[in-house]
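Undergrad: Just the structure for this:
(2 chains)
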Amino acid sequence: MPLEIDNWLSQLQRRLTGPAQRSTQSAWRRFLAVAVFLLAVALVVPSQIHSTLNQNLVNLWLLYSIAALGFYWIFGLAGRFAFCQTIMMGGGAYFSAYLSREGASFWVSLIVSIAAVSLVAAIIALALRRAQEFYFAIATLAVTEIGLVVFQEATSFTGPDGSVLNVSPITVFGHPLTSELDMFWALLAGLGLLLILNALIELSPVRRDVIAARENGAVARSSGVRVEWLQGSMFVIGSAAGALSGVLFAHVNGYVGTDSFSLDLAVGIFLMLILGGSRSVWGPIIGAGIYVELPQLLTSIDQYSQIVYGVILLVVIIVMPFGIMGAVNQGVAYLRGRSEKRAAASAAVETNHAGTVTDVDALPPFDLPSGGGADQVVVAAGPVGAKGGELLRAENVRVHFDAVVAVDGVSIRVARGEAVGVVGPNGSGKTTLLNALTGVVPAQGDVTINGAAVPLGRSGALRRAGVFRCYQSPQVIDPLSGTENVMMGSPDWARRGLLGAWVLRRSMRRHERERQIVAERALRRVEHSEVANLEGASLPYGQRRMLEVARGIGSGAQLIMFDEPSAGLNHVETEHLSTILRDLKAQNIGLIVVDHKIDFIDAVCDRVIVLQLGKIVAEGTPAEVWSNALVADAYLGAQA
Amino acid sequence: VAKFISLLASGIALGAVIALVGLGLILLFRATGIINFAHGILVTLGAYIAVWGIETVGLGTIPADLLALFLMLFVGVALERVAYAPLRKRPQMVVVISTLAASTVIGAAISLWRGSQPEELPSPVGNSVIHIGGAVISDQRLVVIGVVAVAVVASMLVLKRTAIGRQVRSLACDREAAQLCGARVRFIAIGAFAVSAFFACLAGILIAPLTTVNLTFGFDLMLSAFAAAVLGGFGSLGGVVIGALIVGLVQQLVGGYIFTNYASTLPFILMLIVIAVRPSGILKASAQRL
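TA: The predicted structure is shown next:
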């Protein structure tokens, strides 16, 4: 019998969790933590309620925890500075109160209200999808102000002066929950559900992509991560959690008023997340507890509570950037004798794909598929043609910054399996050319990949057509592990959204395993497997450099652009790099290599383009180009 | 027609008020790269200090106003020391949270100090009015418009013509490069907070006579100033003035005839439209080196 349970457990474990051995343990711990938390609350609260705890406050804590957890998705994970969480709560509360007044049952009110608020949030997310930082903060603040006025004025919907009394209680199986203890169970169930949904998110590629988008949006976007879509969906589910909190608030308290969702609470929600720790799901829950409990501890100086909140918030952001959970994790890491540097940056980061695939050494030697192959890695563009077929054709690319023309009518063609070098003195427009092609700067010109036109200026477009860019300064996402950093560049975009995290987990895990295998092979190819489980922040320059190259190798792209890949590498490392690049060519991958080292270009490139002041001054085989007098002029100045 | 002229006049006056609030915001933004969410509470605080000067200290209106302006310079410096200086190396959005926290603290302190009763601040020019085309316009509104014009022109001259102004402009353009060239970042940050608080106070004491002073008085104005700044392309002084006029006119004219109940949401709706249509705006984070 115990054996059966054991089997069943490990089966469950496999169903719930990710691919690798170690990640399974980490996943298991996550669910265990949720279970322990819920159990502890369920055991402690009812027994202590008459002595030390105030049931009303415990319920308020759970309500705020739900809203703050939603805000953790929006701000903690996705990094979107949204001011409108309280309006989402208010929206849920008023909707549900209205529906109940019109005779709808509790469950209908609940579901319809959350759906309605999600719809509103989706519209906001769509309208503000490209607004950054300050703009997003100010715009969502405007949403809050509009919402408050609407609640106040739309009295036929909300009630006189925006207040509603006598909202019907929560009803479960036709049994209304009237005692505060009954409501406590309902609220705990709600929080438990969100915690499980959160664990599923954090054990899926959503976490990786959303962190990449938060830390470095431009690079995530050009790696093919759908930044706007992901951040938008996090905003919608976070707002839906806010709505859930609002609906429960209305039915628990039986009352809704505009003052329940004031700006003070908006600041309060920030306080909860930042005080508790914005990098861990437990942060908002701890923060909400402190927010609710603090006025009780300070009853004698109640009127100072807002000052105390404000001062705490100030002190915390100055002293503990990642809040209480950040400090706890740092302490734990310190006790485990890890180096302090890693701990500081890691805060709440647990790498969920951290493990090495156990059978990685049993895999066939490195042969990255350039067109699919047996692996299920999907390469976006069409079938790979014969060597020498034209891959990229960019005509007349032009970039100007006001009056300065940085790239002036440059045309470049790359065939399959061909490496084209781009050289030129500093400021000649090499990197700008790559920026133009990958949509980082606005540009004019015509680009076709495999004969199909690709619009310029859209970051993801070229990536999805099968082109990958490696940057001049290594763009490593600090909170992610080495493997995760490489996986970010994967060409397999399937099941990387919430659908994969919550519903299609089996398929998501299969794709993740593929992505992980490819990433680990790429790391082995650059001979830096040791960084697989290390956090990006802890890596020195050389390893970051090679991580960038590994991302290119793992990208499954047909064309890879390298921007000064050899910069900062010594002779031996450069040699190794040119072997890697020649291997890529042998796999029929086209390369554009911007570099300064002549020997390196010689070793890798079939053709070279020389740029000066944004124009092509010479083009040909390396030997031809180096003997060209104009090139010597460009580099060394005209010889007298 | 009288209604229209009166609405037009109050629209322009409202625009001038918003421009004055926006001026302090933009100056600080140019010099430090942050948006100060405590700016609104500084407007409120300035007005309350003037009220205190009159009621408690027993000063006349103008000396009380001057006292408030003087004290607010120090409040600005204190705000910089507490909420900005320790966080200079951190992401800008962290500073936004800290200014928000500072705003909470100042707001709570005001409510402890003065209570939550709305208060009146008399106008330095009395309650006289003039008549234009049948509409009645108070002198105070004309004063507001005049002061805004002077303040905007003076700020522009300082930015264009002085060494400090050049440093501020270079910081706004490329912080790192300016810093490397020796722009005095700390000094400018302190000065900018002081000047910005001064303008906040100026706005507070000029606008308060037209309405009543309560705790959300400055915050609401700050939100309209955000809208004006966004409309004006965040960063230019001329832009914020034009944006403020648009916001003021739209709110008074559109809100005066239709949408009466929702007039206060109009600036925000305008702003949302602008952000939705021109998402990167002029306020693009300084281009990343890739």
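Undergrad: Quick check, central residue of the chain?
TA: Using chain A here. Note on chain A: the residue nearest the mean C-alpha position is A:Val210, at 1.1 Å, using CA atoms, centre = their mean.
Undergrad: can you list the residues that contact stretch B:177-191?
TA: Under the criterion CB atoms under 8 Å, 6 or more residues apart in numbering or on different chains, residues B:31-32, B:77, B:80-81, B:84-85, B:88, B:164, B:167-168, B:170-171, B:175 lie in contact with stretch B:177-191. C-beta here means a position set from N, CA and C on the backbone, and glycine is covered the same way.
Undergrad: Buried among those? Need that as a selection in ChimeraX.
TA: Buried members of the contacts of stretch B:177-191, defined by 16 or more other CB atoms under 10 Å in any protein chain shown, are picked up in ChimeraX with:
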select /B:31,32,77,80,84,164,167,168,171
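Undergrad: could the contacts of stretch B:177-191 be laid out in TSV, adding pLDDT, distance to chain A and secondary structure?
TA: As requested, these are exported to TSV (pLDDT from 0 to 100; distance: CB to the nearest CB, whole Å; DSSP: H, G, I helix; E, B strand; the rest coil):
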residue	pLDDT	distance to chain A	secondary structure
B:Ala31	84	15	helix
B:Thr32	84	13	helix
B:Val77	92	16	helix
B:Glu80	91	13	helix
B:Arg81	90	12	helix
B:Tyr84	87	11	helix
B:Ala85	85	10	helix
B:Arg88	81	11	coil
B:Ile164	82	25	helix
B:Gln167	82	22	helix
B:Val168	79	19	helix
B:Ser170	78	17	helix
B:Leu171	76	17	helix
B:Arg175	74	15	helix
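Undergrad: wait, which of the contacts of stretch B:177-191 is closest to A:Thr621?
TA: Closest approach to A:Thr621 among the contacts of stretch B:177-191 (CB to CB): B:Arg175, at 44.5 Å.
Undergrad: which one is that closest one nearest to, not counting chain neighbours?
TA: The shortest distance from B:Arg175 to any non-neighbouring residue, by CB to CB, 6 or more residues apart in numbering or on different chains, is to B:Gly33 (6.0 Å).
Undergrad: Also A:Leu77?
TA: With sequence-adjacent residues excluded and distances taken as CB to CB, 6+ apart, A:Leu77 is closest to A:Val210, at 5.2 Å.
Undergrad: Tell me the spacing between that neighbour and chain B.
TA: Distance, A:Val210 to chain B, by CB to the nearest CB, to the nearest Å: 17 Å.
Undergrad: ranges for the strands of the stretch 51-200 of chain B?
TA: B:129-132, B:135-138 (DSSP state E, counting those that start in this stretch).
Undergrad: Of the ones you listed, which stretch is the most buried?
TA: Across the strands of the stretch 51-200 of chain B, averaging neighbours per residue (mean count of other CB atoms under 10 Å in any protein chain shown) puts strand B:135-138 on top, at a mean of 17.
Undergrad: next one: that strand to chain centre, how far?
TA: Chain-centre distance of strand B:135-138: 24 Å, with CA atoms, centre = their mean, to the nearest Å.
Undergrad: residues making contact with it?
TA: Under the criterion CB under 8 Å, 6+ apart, residues B:2-3, B:5-6, B:9-10, B:13, B:123, B:127-131, B:210 lie in contact with strand B:135-138.
Undergrad: Next one, pLDDT for residue 114 please.
TA: I went with chain A, as the question did not name one. Listed pLDDT for A:Ile114 reads 95.
Undergrad: um, chain B though
TA: On pLDDT, B:Arg114 comes in at 83.
Undergrad: neighbours of it, just the number please.
TA: B:Arg114 has 19 neighbours, counted by other CB atoms under 10 Å in any protein chain shown.
Undergrad: Surely the residue nearest to A:Leu77 is in contact with A:Gly76?
TA: No: with contact defined as CB atoms under 8 Å, A:Val210 does not reach A:Gly76; the gap is 10.0 Å.
Undergrad: thinking again about what came up before, identify, from the contacts of strand B:135-138, the entry nearest to A:Met89.
TA: A:Met89 has its nearest neighbour among the contacts of strand B:135-138 in B:Leu210, at 34.4 Å by CB to CB.
Undergrad: Quick check: the nearest residue to that closest one once chain neighbours are set aside vs chain A, distance?
TA: The shortest distance from B:Leu210 to any non-neighbouring residue, by CB to CB, 6+ apart, is to B:Gln140 (5.9 Å). Using CB to the nearest CB, B:Gln140 is found at 26 Å from chain A.
Undergrad: who are the neighbours in contact with B:Gln140?
TA: By CB under 8 Å, 6+ apart, B:Gln140 lies in contact with B:Ser123, B:Val125, B:Asn127, B:Leu206, B:Pro209, B:Leu210.
Undergrad: give me that answer again for 6 Å
TA: B:Gln140 makes contacts with B:Ser123, B:Pro209, B:Leu210, as judged by CB atoms under 6 Å, 6 or more residues apart in numbering or on different chains.
Undergrad: residues contacting the closest residue to the first one other than its chain neighbours?
TA: The shortest distance from B:Ser123 to any residue other than its chain neighbours is 3.6 Å, reached at B:Pro209 (CB to CB, 6+ apart). Residues counted as contacts of B:Pro209 (CB under 6 Å, 6+ apart) are B:Leu121, B:Ser123, B:Gln140.
Undergrad: Return the per-residue confidence for B:Pro209.
TA: Reading off the model, B:Pro209 has pLDDT 86.
Undergrad: Doesn't it lie inside a helix?
TA: Yes: read with DSSP: H, G, I helix; E, B strand; the rest coil, B:Pro209 is one of the residues of a helix.
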